[in-house]
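> Next come a sequence and a model predicted from it.
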Amino acid sequence: MTFAYVSGNPALDLVGTVGSRDDNPVDLLARPADLERWILECPELPDRVRVDEAAFAYALRLREAVHRLALDRLHGRPFTRASLDLLNEAAAAPPLTVRLADTGLRSTGDITAALSHLARRAAALLADRDACLKECGRPGCTRLYVDRSRGARRTWCGMESCGNRVKAAAYRARKRAASAHT
């Protein structure tokens, strides 16, 4: 299983670990080791973070809270109180420690600090009224992303994950239609 970091915000990338949110959700985070690997691969988070069962359960609750709050923002609704409280609780935890190294900035911290960082990034995004938050335009994809494209014309969460699929499907449909008319 591979993780995608295409949302423009690591908190939205965490939300994107649920590949489908219909009747048969596909959750890429099935156990604490999956979350450890997701954190390891996330560019903004520390390399070595241990996740126990309690922290894993809390991270999943935070992920769903961010998802609900993002949808509230996207659809112009007031924030869901329980989700807002959970996000603010996580954001209030001690932050990651950032150090400058020869290779750039390096962050260190435990799972609580990593989740605090994600909650703070979500809070900053959700508070920014100028941020263009969107849902992916590919049917079946439930990913949310920040559209920073010129004119805010981006349609998909990412070209590799969804844009290429949509374009390939449209091409195949045009080919079928052309061959049906000949």
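Yep, it's here.

> use CA for all of it now, contacts and neighbours both
Fine.

> Could you give the bridge partners of residue 18?
Here residue 18 sits in beta bridges with residue 27, as judged by DSSP bridges.

> So it sits against residue 25, correct?
Yes - counting by Cα atoms under 8 Å, residue 18 touches residue 25, with 6.6 Å between them.

> and stretch 54-66, average pLDDT?
Averaged over stretch 54-66, pLDDT sits at 98.

> Mind listing what's buried along it?
55-56, 59-60, 62-66 (16 or more other Cα atoms under 10 Å).

> Which strand or helix spans the residue nearest to residue 90 when sequence neighbours are not counted?
The spatially closest residue to residue 90, leaving aside those adjacent along the chain, is residue 116, at 5.0 Å (Cα to Cα, 6 or more residues apart in numbering). Using DSSP states H and E, residue 116 maps to helix 111-127.

> list the helices and strands that helix packs on?
Judged by 3 or more Cα pairs under 8 Å, 6 or more residues apart in numbering; DSSP states H and E, the packing partners of helix 111-127 are helix 10-15, helix 53-74, helix 81-91.

> still on that earlier bit, against residue 97, how distant is the residue nearest to residue 90?
According to Cα to Cα, to the nearest Å, residue 116 stands 11 Å off from residue 97.

> who are the neighbours in contact with residue 63?
Contacts for residue 63 (Cα atoms under 8 Å, 6 or more residues apart in numbering) come out as 11, 14-15.

> Name the nearest of those residues relative to residue 152.
The nearest member of these to residue 152, counting by Cα to Cα, is residue 11 at 20.3 Å.

> For residue 125, see how far away the closest one is.
Residue 11 sits 9 Å away from residue 125, going by Cα to Cα.
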